[in-house]
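[1] here is my input, please return the structure:
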Amino acid sequence: MNIEYLKTFVLLAENGSFSKTAKEQVLVQSTVSSRISELEKEIGQKLFVRNKNYSELTLAGKALLEYAEKIISLESGAIAHANMAGEYSEKLIIGTVYSLYDSHLCHFIPDFMKENADISIKVIFGHSGRIISGLSNGSINIGYSHNPYSHPGYICTLLNEDDVLLVTASQNRQFAHGIPVSKIKELPIYYSNFLYSTTHNWIFPKNKLFQLDIDIASKIIPFLKTGESYTFLPRKIIEPEINNGSIIEIPVLDGKIPPVQNYVIYKKEDEKSNALQKWLNKTGYH
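    Below you'll find the model as predicted:
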């Protein structure tokens, strides 16, 4: 069974989109389709039910997924173990959402590396679903996610909550003293994917499209500074710009935007791992 085909299969199972899978793997979409077709021929079963906008796993696909993740994890572990021989005593793989790395985790890594020269660190970025998937298939040792993971074999701890602010460029003073929720949908919003679905549906019409939608928070800030657009961002991401006066917060007058939550997740059986314990002690969460 081709390992690259299995990697394509697992990624497609996570995001349900042939086009997104092709983009993430730097492939043309026909190659993704071909790989899935070859796997289906080998298994002798359909692996996905293909709808117009989303592909869902069949029962056979769900059965294969568990083993595919284990196979990929074993390959990754074998390569890492071989590469570590004689140079590092342990390897720690950290999976994290982008915003928490930018605002929090990146500050710990330099000192941790100086204090633990025998530990190799790998940082993997992704959205919460991908981080949790990496934890479950063993390709990530410790994960940082906006979503909790309820599983008896894992420890999941709420790290913190970060206020989500409506912000705009400092020269855009029209609603500097505040805006009611009912008017937000009329603003030129650049979307940054930091509203929980219930909050999104409270503020915006269902299936609303935005002129600009960027799901890595820090990448939307330069666009925000150049015009009269608005966006929702966590306070810790936008705080430097608020402090230097280039961005201002627009108060929401008649409602509270729920904060974004950040969780740390790892397997219970890994709790005594030397590398993991040192990392948890360094970051102050365990």
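[2] could you pull out the strands in this protein for me?
    Using DSSP state E, the strands of the chain run over 48-50, 55-57, 90-96, 119-125, 142-145, 154-162, 164-169, 190-191, 212-213, 230-234, 247-249, 260-267.
[3] including distance to Ile109, mean neighbour count and mean pLDDT, could those go into CSV?
    C-beta: built from backbone N, CA, C; applies to glycine. Shown next, in CSV, are these (distance: least, CB to CB, whole Å; neighbours: other CB atoms under 10 Å; pLDDT from 0 to 100):
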stretch, distance to Ile109, mean neighbour count, mean pLDDT
strand 48-50, 38, 14, 88
strand 55-57, 36, 17, 89
strand 90-96, 9, 21, 92
strand 119-125, 7, 16, 93
strand 142-145, 13, 25, 95
strand 154-162, 16, 16, 92
strand 164-169, 26, 22, 95
strand 190-191, 30, 20, 92
strand 212-213, 30, 13, 90
strand 230-234, 20, 24, 94
strand 247-249, 27, 19, 96
strand 260-267, 15, 22, 93
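[4] tabulate those (JSON lines), appending distance to Val181.
    Below are those laid out as JSON lines (distance: least, CB to CB, whole Å):
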{"stretch": "strand 48-50", "distance to Val181": "38"}
{"stretch": "strand 55-57", "distance to Val181": "34"}
{"stretch": "strand 90-96", "distance to Val181": "31"}
{"stretch": "strand 119-125", "distance to Val181": "32"}
{"stretch": "strand 142-145", "distance to Val181": "28"}
{"stretch": "strand 154-162", "distance to Val181": "20"}
{"stretch": "strand 164-169", "distance to Val181": "10"}
{"stretch": "strand 190-191", "distance to Val181": "16"}
{"stretch": "strand 212-213", "distance to Val181": "20"}
{"stretch": "strand 230-234", "distance to Val181": "12"}
{"stretch": "strand 247-249", "distance to Val181": "15"}
{"stretch": "strand 260-267", "distance to Val181": "18"}
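[5] just the CA trace of stretch 223-234, in PDB.
    Listed next in PDB are the C-alpha coordinates belonging to stretch 223-234 (Å, rounded to 0.1, in the frame of the first residue of the first chain):
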ATOM      1  CA  PHE A 223      -4.400  44.600   4.700                       C
ATOM      2  CA  LEU A 224      -6.200  46.100   7.700                       C
ATOM      3  CA  LYS A 225      -3.800  49.000   8.000                       C
ATOM      4  CA  THR A 226      -4.300  50.200   4.400                       C
ATOM      5  CA  GLY A 227      -8.000  51.000   4.200                       C
ATOM      6  CA  GLU A 228     -11.300  51.300   5.900                       C
ATOM      7  CA  SER A 229     -11.900  47.600   6.500                       C
ATOM      8  CA  TYR A 230     -12.600  45.900   9.800                       C
ATOM      9  CA  THR A 231     -11.900  42.400  11.200                       C
ATOM     10  CA  PHE A 232     -12.200  40.300  14.300                       C
ATOM     11  CA  LEU A 233      -8.900  39.300  15.900                       C
ATOM     12  CA  PRO A 234      -7.700  38.000  19.300                       C
END
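[6] how about residues contacting it?
    With contact meaning CB atoms under 8 Å, 6 or more residues apart in numbering, stretch 223-234 is reached by 99, 103, 162-169, 172, 174, 184, 187-192, 194-195, 212, 214, 217, 220-221, 241, 246-247, 250, 257, 259-260.
[7] again, only this time at 6 Å
    99, 162, 164, 166-169, 172, 187-190, 192, 194-195, 217, 220, 246, 260 (CB atoms under 6 Å, 6 or more residues apart in numbering).
[8] so where's the stretch 51-200 of the chain uncertain?
    77-86 (pLDDT under 70).
[9] how much space between Leu158 and Tyr98?
    19 Å (CB to CB, to the nearest Å).
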